[in-house]
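Participant: Generate coordinates for the sequence data below:
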Amino acid sequence: MNIKETMQFVEFNTFYSEYAPLTPYGLLDKNNCHVFTDQEMLFSVYDSIGKIASFINENSFQSDKIEHHLKRISQLNTLERKIFDSSEVFLVKKLLVNFKSIVKLLNDEIKEDLQINFLSEELLNFLSLDGMNKETFYLSAQYNPNLAEIRKKIGETDKVLAEIKKERLHEILTQLGLDFRFRDFIIASENITNNFSPELIYKEVYDKTSLMLKPMLPKEYFELHKKREALLLDEHKLEQVVLSAIAEKIIAEKEVIKNYIDKIVLLDTLFAKSRMAIKYKMTAPVLIDKNATIEIVNGQYLPLANKCSKTETIYTPLNAEFDNKTCVITGSNMGGKTVLLKTIGFMQLLTQMGFWVPAEKFKTSVFENIHYIGEDLSEKVEGLSSFGFEIHNLTKAINDFGTNTLLLIDEFAKTTNSTEAKAIIAAMLKSFSQKETVCSFLSTHFMELPEFEKVSFYKMKGLDYSAYKKYYNKEKQYSLRERIKLINTFMRYEIVKTDNKDKTYDAIKIADILGLNDEIIKYTKAYLSENYD
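Facilitator: Reported below is the predicted structural model:
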């Protein structure tokens, strides 16, 4: 399902950016923007969100600890390999430690609901032979007795090397007065270095007048250093043997670990969705038969509701019960037609992306396809007009009519001549209403469209002009910002059923509020004559 244009239309990312999984796996899942069409799976997700939201509310300490452990989980490079290096083993252990801690913190109801268990005690204990049960990993000598012996020899060799070097530096300091204890070289003038023995000091040209002096260590130091390098090579070979044994155990539990990762994604996304549900007082969507209609009770279009809250502007939640699957929304400009479509689209995307919704009730179906048809919100297609782009998108949508499809059509054909536009819209309504798989909402400023069976007409209440006139102070010089606020204050963003004979002329009233001069307003009313109400 391609929902990019619908997401742009409903400004979905203003909400989605708040949705914050905590693991790399959860973030990857978020970026994939899954839209689900399996109704039973969605029911299961809604139920889990309810259980986890209750858990968060009742167990704040435990839920905070769970989220702490989720943050600690890093992404594994891959499990499809024959050997792991120490850093990769560390990541596996880190995942196991944190997943085990999460499982301990969850209650039995959630563990049973999501089928979550930790079954890797033996592997985790094996990765903790260094005595550290935390999310650290050290290739301990406990894994191989020979490794312990080699490391012991390396340690003893290092002590001897340090002692030889210490004695030579002391000899140089005593005989020549040069102190190399805290530095690797000394820069000295060439004329004072002639008497320095080459057995004690190595000299090389630094510049035209100076030499770089370095201590000459005895032959036995270098012979012993070669033996140390051979020991290090033996150590590396033994470490590879140990890593191979560790890899064998990890690979044996590869499918179990993959299952843990799946459960981490599930927990991470469910906790993030539950946090959103709590923050916005959301409820679980009600999924019904595909032939049923949509109902919304106190639905909040959050991108606008949040904006209104910041600007201290009145926001009106949407209440609507549609009695047909083909609906026409009419009303004045700035009256909320587009917001109504955005609210429906926003709620539907939340529903099918496995979120709860910001409404007292949202009753809907699962759609295999969701299409927005209206203003081009993406890059313009060269040579294609706005109307052409709408037709292009409508054609794509019609190709999906074999499956359950939701159409959100905003001010269709507003850029072409009204006679042809009304004819095309009428044809669309007739066609859509005859298809059981299509649920369509079409906003339009065109009035007197023909009526068809299974097509319902609704209108936005629009401007409460009488209330505005009581408030309006004719003597006051309102700024444009104040005039827009007046319109928002007295606009009634509510939807009512209409018989398609109501005529709305709010455009003239809005033009008046925005300051259009009296002469043009007067001539406009005269032109409309008795049709003006």
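Participant: pLDDT wise, what is the closest residue to Leu22 other than its chain neighbours at?
Facilitator: Spatial nearest neighbour of Leu22, excluding adjacent residues (C-beta to C-beta, 6 or more residues apart in numbering): Leu70 at 4.2 Å. Every residue, glycine included, has its C-beta placed from N, CA and C. Note on Leu70: pLDDT of 98.
Participant: ok, Leu70 - contacts?
Facilitator: Shown in contact with Leu70 (C-beta atoms under 8 Å, 6 or more residues apart in numbering): 22-23, 26, 98, 102, 264, 267-268, 271.
Participant: what separates the spatially most central residue of the chain from Pro21, distance-wise?
Facilitator: Geometric centre of the chain, nearest residue: Lys30, 4.2 Å, by C-alpha atoms, centre = their mean. From Lys30 across to Pro21, the span is 5 Å (C-beta to C-beta, to the nearest Å).
Participant: what residues are shared contacts of the two?
Facilitator: Shared contacts of Lys30 and Pro21 (C-beta under 8 Å, 6+ apart): Thr269.
Participant: So, low pLDDT: which residues of the stretch 401-533 of the chain?
Facilitator: By pLDDT under 70, the weakly predicted segments of the stretch 401-533 of the chain are 462-470, 472-476, 482-492, 500-506, 509-510, 513, 515, 517, 523-524, 528-533.
Participant: circling back to that earlier point, most surrounded residue in the contacts of Leu70?
Facilitator: Leu267 (28 neighbours; other C-beta atoms under 10 Å).
Participant: can you tell me the helix or strand for that one?
Facilitator: If you go by DSSP states H and E, Leu267 is part of helix 254-279.
Participant: what are the pairing partners of the next helix or strand after that helix, and which direction each?
Facilitator: As assigned by DSSP H and E, the chain's next helix or strand after helix 254-279 is strand 286-287. Sheet pairing here is set by DSSP bridges, and for strand 286-287 it gives strand 361-364 (parallel).
Participant: Just the strands from the stretch 301-450 of the chain, written as ranges.
Facilitator: All strands of the stretch 301-450 of the chain, identified by DSSP state E, counting those that start in this stretch, fall at 318-321, 326-330, 361-364, 369-373, 405-410, 438-443.
Participant: Quickly list the domain ranges of this structure.
Facilitator: Per automatic domain parsing, the domain ranges recorded for the chain read 19-120+253-279, 145-227, 286-466+492-500.
Participant: counting residues per helix, which one in the chain is longest?
Facilitator: Longest among the helix segments of the chain by residue count, using DSSP state H, is helix 219-252.
Participant: That one: which residues count as buried?
Facilitator: 221, 228, 231, 234-235, 238-239, 242-243, 246-247, 250-251 (16 or more other C-beta atoms under 10 Å).
Participant: okay if I get these as JSON lines plus pLDDT and distance to Gln300?
Facilitator: Formatted as JSON lines, the buried residues of helix 219-252 follow (pLDDT from 0 to 100; distance: C-beta to C-beta, whole Å):
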{"residue": "Tyr221", "pLDDT": "96", "distance to Gln300": "77"}
{"residue": "Arg228", "pLDDT": "96", "distance to Gln300": "71"}
{"residue": "Leu231", "pLDDT": "97", "distance to Gln300": "70"}
{"residue": "Asp234", "pLDDT": "95", "distance to Gln300": "69"}
{"residue": "Glu235", "pLDDT": "95", "distance to Gln300": "64"}
{"residue": "Leu238", "pLDDT": "94", "distance to Gln300": "64"}
{"residue": "Glu239", "pLDDT": "93", "distance to Gln300": "59"}
{"residue": "Val242", "pLDDT": "92", "distance to Gln300": "58"}
{"residue": "Leu243", "pLDDT": "93", "distance to Gln300": "55"}
{"residue": "Ile246", "pLDDT": "93", "distance to Gln300": "53"}
{"residue": "Ala247", "pLDDT": "94", "distance to Gln300": "52"}
{"residue": "Ile250", "pLDDT": "95", "distance to Gln300": "48"}
{"residue": "Ile251", "pLDDT": "94", "distance to Gln300": "50"}
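Participant: which one among the residues you listed gets closest to Glu494?
Facilitator: Distance to Glu494 across the buried residues of helix 219-252 (C-beta to C-beta) is lowest for Ile250, with 60.9 Å.
Participant: Spit out the contact partners of that closest one.
Facilitator: Listed by C-beta under 8 Å, 6+ apart, the contact partners of Ile250 are 79, 84, 89, 92, 123, 257.
Participant: and Val339, how far is that from Leu514?
Facilitator: Val339 is 19 Å from Leu514, by C-beta to C-beta.
Participant: In terms of neighbours, single out the busier of these two.
Facilitator: Val339 (21 against 14).
Participant: For the more buried one, give me its contacts.
Facilitator: 301, 304, 318, 493.
Participant: Next up, the contacts around the third one.
Facilitator: Leu318 makes contact with 296, 298-301, 339-340, 343, 493, 495 under the criterion C-beta under 8 Å, 6+ apart.
Participant: May I see the PyMOL selection of the buried members of these?
Facilitator: Entered in PyMOL, the line below selects the buried ones among the contacts of Leu318, by 16+ other C-beta under 10 Å:
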select buried, resi 296+299+300+301+339+340+343+493+495
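Participant: And the contacts of Leu318, which is the shakiest by pLDDT?
Facilitator: Within these, pLDDT is lowest for Tyr493, at 73.
Participant: ok, Tyr138 - how many residues close by?
Facilitator: By other C-beta under 10 Å, 14 other residues sit near Tyr138.
Participant: buried subset of the contacts of Ile250?
Facilitator: Applying 16+ other C-beta under 10 Å to these flags 79, 84, 89, 92, 123, 257 as buried.
Participant: Which of these fall within helices?
Facilitator: With helices taken from DSSP H, the overlap with these comprises 89, 92, 123, 257.
Participant: I figured Leu287 hits Val366, correct?
Facilitator: Yes - with contacts counted by C-beta atoms under 8 Å, Leu287 reaches Val366, the gap being 6.1 Å.
Participant: what touches both of the two?
Facilitator: Joint contacts of Leu287 and Val366 (C-beta under 8 Å, 6+ apart) are 39, 42, 351.
Participant: can you list the weak-confidence ranges in the stretch 201-350 of the chain?
Facilitator: 333-335.
Participant: which parts of stretch 140-149 are buried?
Facilitator: 140-141, 143-144, 147.
Participant: quick one: that stretch to chain centroid distance?
Facilitator: Centroid separation for stretch 140-149 versus its chain: 45 Å, with C-alpha atoms, centre = their mean, to the nearest Å.
Participant: Lys214 belongs to a strand, doesn't it?
Facilitator: Yes - judged by DSSP: H, G, I helix; E, B strand; the rest coil, Lys214 forms part of a strand.
Participant: got the contact list for it?
Facilitator: The contact partners of Lys214, by C-beta under 8 Å, 6+ apart, come to 180, 184-185, 201-202, 204.
Participant: Closest one to Gly388 out of those, please.
Facilitator: So of those, ranked by how close each gets to Gly388 (C-beta to C-beta), first place is Asp184, at 74.7 Å.
Participant: So what's the residue count around that closest one?
Facilitator: 8.
Participant: which stretches of the stretch 1-150 of the chain form helices?
Facilitator: Taking DSSP state H, counting those that start in this stretch to define them, one finds helices in the stretch 1-150 of the chain at 4-9, 13-16, 24-32, 39-58, 60-72, 86-105, 108-114, 121-126, 145-176.
Participant: For Ile521, which of those helices is the nearest?
Facilitator: Here helix 4-9 is closest among these (C-beta to C-beta), at 33.4 Å.
Participant: so what does that closest one touch, helix or strand wise?
Facilitator: helix 337-352, strand 369-373, strand 405-410 (3 or more C-beta pairs under 8 Å, 6 or more residues apart in numbering; DSSP states H and E).
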